[in-house]
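In: Predicted model and sequence follow; I will ask about them next.
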Amino acid sequence: MPLFEPDSIRALVGDRANGEHTLDLRGVSLSQAGTAISQMLEQRPSGDLESVVIRIDPATPTSGETLFLPVGRQLLEARRRGLITRFHPLPEADGGGFYVELPDRSENEETQQ
């Protein structure tokens, strides 16, 4: 795998690595991670929350399968359902995981009425 400079990685995946809230999924199982993300997306409080950083364990030579692909697929499906406006992976230098932007709840509630 080629080595990239941190600035090059940020140009590819995005530069936002801090959200208004952090969902720490390090050390949890796949089912626990899926449940936590679903709860965050579907039961979130008022429109105050606009961005979330989801932290996951980084891959290591002995870690086996990580949460990266399953969480990424869940976020992609949530984006298709309109629960997420956009997301991107975080560079490893920022701890690994995803930056997620959520739609404004007040706009969604107005369009559904």
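Out: Yes, it's here.

In: Make sure residue 103 is indeed in a strand.
Out: No. Counting by DSSP: H, G, I helix; E, B strand; the rest coil, residue 103 is not found in a strand; it is coil.

In: That one: how many residues sit nearby?
Out: 15 (other Cβ atoms under 10 Å). C-beta here means a position set from N, CA and C on the backbone, and glycine is covered the same way.

In: give me every residue that touches it.
Out: 82-85 (Cβ atoms under 8 Å, 6 or more residues apart in numbering).

In: How about residue 71?
Out: Counting by Cβ under 8 Å, 6+ apart, residue 71 touches 25, 33, 37, 54, 56, 98.

In: which among those residues end up buried?
Out: Among the contacts of residue 71, those classed as buried by neighbour count (16 or more other Cβ atoms under 10 Å) are 25, 33, 37, 54, 56, 98.

In: can you list those in TSV and add distance to residue 74?
Out: TSV is the format used below for these (distance: Cβ to Cβ, whole Å):
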residue	distance to residue 74
25	11
33	8
37	6
54	10
56	12
98	10
